[in-house]
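Participant: Sequence below, structure please.
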Amino acid sequence: WESDEDDLPARLQQRKHRYRELLEAYTNELMRSAWINDLHLRLSRLDTADEITRLAAEQLVSRHEVDQVRVWFPGPPDRCSGCPWAERCPQRGCLHLVTTASDTEEGQDPDPIRPEEERVPLIRGLPAADVALRDQPIRAELPGAGATPDRFEGFPLPYGGPSSGVLGLISRTPMDPNARRLFEVVARHIATLFRNARLVDVLRSANEVKLGFISRMSHELKTPLTAILGYSELLRDELEAEGHQMGVEGATTIQASGRKLLEIVESILELAKLQSGSVRLRLDVLELGGLIEERLLRYLKGGRERGLTVTLDRGEVPALISADRTRIRQVIDALVENALKFSNENSEIKIRVEVGEDTVECSVSDEGIGVPAEALERIFEPFHQVSEKIHLDYGGLGLGLALVKDLVEQHGGQVGVESHLGEGSRFWF
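Facilitator: Got it, this is the predicted structure:
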């Protein structure tokens with residue numbers, strides 16, 4: 001018993017020391033988790049590969065475990081003349097240094113980038129190249145650092161190419177396993193975001209090519225169409241003067257078809273301009289109800305042809321908005337024409353303007369065929385048709401609502417739809 005009593009203070013001290021170690025480890029793990037969550041959130045907000053790698057390098061070098069950061073990505077042989085690796089390089093490809101960061105005090109110059117770091121040939125035996133070729137983490141001591149060589153921790157950044165990119169962390173002291181696992185997770189997240197950024201760049205380039213083609217095609221089509229419309233009008237006038245009724249009807253059909261085709265071409269061209277960002281709004285203070293009333297005669301005429309009633313409820317408060325008159329007129333025309341197109345005969349189309357505390361809402365409601373619930377999400381996409389049968393029965397390219405969405409959003413507004421199949425639809429902005 002005396003022996004146990006003599007050992008008790010020592011054992012209590014050991015247990016206290018152990019609890020302190022566990023608490024410190026737990027605190028460090030919490031801090032690492034908070035840091036990595038914050039980093040992931042900040043990286044996820046970025047769009048380009050350069051921004052992602054630059055921010056990641058800045059955040060990594062702020063960690064006490066890291067003194068320098070290097071990020072390489074594979075590329076073709078480059079700067080081969082005078083390259084320090086020229087004698088060993090097979091010139092099949094090399095790692096290009098794209099981002100660096102150093103842990104330096106304020107006012108102190110960062111560590112210089114050695115020439116052999118800027119381009120690293122993809123040959124075995126070089127730490128960064130081994131990471132890329134093996135696609136797995138590598139630890140190594142960097143040569144030429146004297147009695148206390150720097151430690152290199154390399155992590156692969158797979159992005160879909162033939163070999164991986166490399167995240168290289170350089171430190172003066174060995175890195176503990178917990179920190180290594182943390183940085184491995186960061187490397188995987190960077191690689192995922194980098195792949196997504198590259199994919200977005202590819203899609204953006206493809207979209208620019210598509211919009212350029214549509215724009216050129218539309219301009220090429222407008223020139224002959226304008227000539228066809230002009231000459232068909234002259235032909236119609238001559239045939240009418242000669243009393244050639246059948247010829248007049250033929251020339252009128254040519255004119256109507258030409259105008260329809262020209263409307264389609266202009267809609268495609270307008271959509272291409274909107275999506276490329278080349279449309280500039282000319283904002284002015286407008287009274288929305290009055291603007292719609294100016295077009296009401298046109299809507300009434302279109303409705304009478306199919307036995308439809310078109311009504312406007314302007315409300316009691318003037319609906320003042322800051323908008324481009326021409327563009328808002330396009331929005332309203334497209335919504336009303338859509339309602340006229342899909343309404344059942346002898347039904348009603350209601351246009352309503354409501355003024356809220358800080359918003360103005362305009363809605364166009366019809367009693368037409370309606371839209372299936374599963375099609376509502378894509379109803380504003382360019383060229384989207386609810387079904388092939390609808391397209392065959394009613395025609396059109398599916399551009400009107402896409403133009404509405406782009407024009408409203410360019411004004412900083414919102415657009416939406418509520419619809420029930422067989423009962424009608426309500427489009428609003």
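
Participant: For the rest of this, base every contact and every neighbour count on C-alpha atoms.
Facilitator: OK.

Participant: show me where the stretch 301-429 of the chain has helices.
Facilitator: Assigned by DSSP state H, counting those that start in this stretch, the helices in the stretch 301-429 of the chain fall at 325-342, 388-394, 400-410.

Participant: okay, those in CSV with mean pLDDT, mean neighbour count and distance to residue 267 next?
Facilitator: As requested, these are arranged in CSV below (pLDDT from 0 to 100; neighbours: other CA atoms under 10 Å; distance: least, CA to CA, whole Å):
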stretch, mean pLDDT, mean neighbour count, distance to residue 267
helix 325-342, 90, 19, 11
helix 388-394, 73, 11, 17
helix 400-410, 90, 20, 8
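
Participant: nearest to residue 269, of the ones you listed?
Facilitator: Closest to residue 269 of the helices of the stretch 301-429 of the chain, according to CA to CA: helix 400-410, at 10.7 Å.

Participant: what residues does that closest one touch?
Facilitator: Applying CA atoms under 8 Å, 6 or more residues apart in numbering, the contact partners of helix 400-410 are 267, 270-271, 274-275, 327-328, 330-331, 334-335, 338, 379-383, 414-415, 429.

Participant: likewise stretch 387-397?
Facilitator: 264, 341, 342, 383, 384, 385.

Participant: what's the closest of the residues you listed to residue 305?
Facilitator: residue 341 (11.3 Å).

Participant: quick one: average confidence on stretch 412-427?
Facilitator: Average pLDDT, stretch 412-427: 92.

Participant: and if you look at stretch 115-123?
Facilitator: Here the average pLDDT along stretch 115-123 is 82.

Participant: same check, this time on stretch 90-99
Facilitator: 80.

Participant: List the buried residues of that stretch.
Facilitator: Neighbour-count burial for stretch 90-99 flags 91, 93, 94, 95, 96, 97, 98, 99 (criterion: 16 or more other CA atoms under 10 Å).

Participant: what stretches of the stretch 1-150 of the chain score poorly on pLDDT?
Facilitator: Scanning the stretch 1-150 of the chain for pLDDT under 70 picks out 1-6, 23, 25-32, 79, 81-82, 91, 104-111, 143-148.

Participant: quick one: the strands in it?
Facilitator: 68-75, 94-102, 119-121, 138-141 (DSSP state E, counting those that start in this stretch).

Participant: Figure out which of those is closest to residue 170.
Facilitator: Here strand 68-75 is closest among the strands of the stretch 1-150 of the chain (CA to CA), at 5.0 Å.

Participant: which strands and helices sit next to the closest one?
Facilitator: helix 49-61, strand 94-102, strand 165-171 (3 or more CA pairs under 8 Å, 6 or more residues apart in numbering; DSSP states H and E).

Participant: can you put the ones you listed in JSON lines and add distance to residue 68?
Facilitator: Listed next are the helices and strands packed on strand 68-75 as JSON lines, based on distance: least, CA to CA, whole Å:
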{"stretch": "helix 49-61", "distance to residue 68": "6"}
{"stretch": "strand 94-102", "distance to residue 68": "4"}
{"stretch": "strand 165-171", "distance to residue 68": "5"}
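
Participant: which phi and psi does the nearest residue to residue 136 once chain neighbours are set aside have?
Facilitator: With CA to CA, 6 or more residues apart in numbering as the criterion, residue 136 has its nearest non-adjacent residue at 5.8 Å, and that residue is residue 156. Backbone geometry at residue 156, expressed as degrees, to the nearest 10, gives phi -70, psi 150.

Participant: Quick check, residue 156 in contact with residue 132.
Facilitator: Yes - between residue 156 and residue 132 there is a contact under CA atoms under 8 Å: 6.1 Å.

Participant: Show me the common contact partners of the two, please.
Facilitator: In contact with both residue 156 and residue 132: 164, 165, 166, using CA under 8 Å, 6+ apart.

Participant: Could you identify which of those has the most neighbours?
Facilitator: residue 166 (31 neighbours; other CA atoms under 10 Å).

Participant: Mind listing the residues bridging to that one?
Facilitator: Judged by DSSP bridges, the bridge partners of residue 166 are residue 72, residue 156.

Participant: thinking residue 251 is in contact with residue 238, fair?
Facilitator: No - between residue 251 and residue 238 no contact is recorded; they are 10.2 Å apart, counting by CA under 8 Å.

Participant: Who has more neighbours out of the two?
Facilitator: residue 251 (22 against 14).

Participant: Surely the more buried one is within a helix?
Facilitator: Yes - under DSSP: H, G, I helix; E, B strand; the rest coil, residue 251 falls within a helix.

Participant: Not counting sequence-adjacent ones, nearest residue to it?
Facilitator: Leaving out its chain neighbours, the residue that sits closest to residue 251 by CA to CA, 6+ apart is residue 236, at 5.2 Å.

Participant: Please determine how far that neighbour is located from residue 386.
Facilitator: Going from residue 236 to residue 386 by CA to CA, to the nearest Å gives 38 Å.

Participant: So for the two, which sits in the more crowded spot?
Facilitator: Using other CA under 10 Å, the more surrounded residue of residue 236 and residue 386 is residue 236, with 22 against 15.

Participant: what does the average pLDDT come to for the helix or strand hosting that one?
Facilitator: In this assignment (DSSP states H and E), residue 236 forms part of helix 177-242. On average, the pLDDT along helix 177-242 is 84.

Participant: Ok, stretch 350-358 next?
Facilitator: Stretch 350-358 comes out at a mean pLDDT of 91.

Participant: now the helix or strand containing residue 265 against helix 400-410, angle please.
Facilitator: Assigned by DSSP H and E, residue 265 belongs to helix 245-276. Interaxial angle, helix 245-276 versus helix 400-410 (axes from the mean of the first three to the mean of the last three CA atoms, to 10 degrees): 40 degrees.

Participant: Helix or strand next in line after helix 245-276, which one?
Facilitator: Next element after helix 245-276 (DSSP H and E): strand 283-287.

Participant: Give me the neighbour count for the spatially closest residue to residue 398 that is not a sequence neighbour.
Facilitator: The spatial neighbour of residue 398 that comes closest, neighbours along the chain excluded (CA to CA, 6+ apart), is residue 383 at 4.3 Å. Per other CA under 10 Å, the neighbour tally for residue 383 reads 14.

Participant: Make a markdown table out of the helices of the stretch 301-429 of the chain and add distance to residue 260.
Facilitator: Compiled in a markdown table, the helices of the stretch 301-429 of the chain are given as follows (distance: least, CA to CA, whole Å):
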| stretch | distance to residue 260 |
| --- | --- |
| helix 325-342 | 14 |
| helix 388-394 | 14 |
| helix 400-410 | 14 |
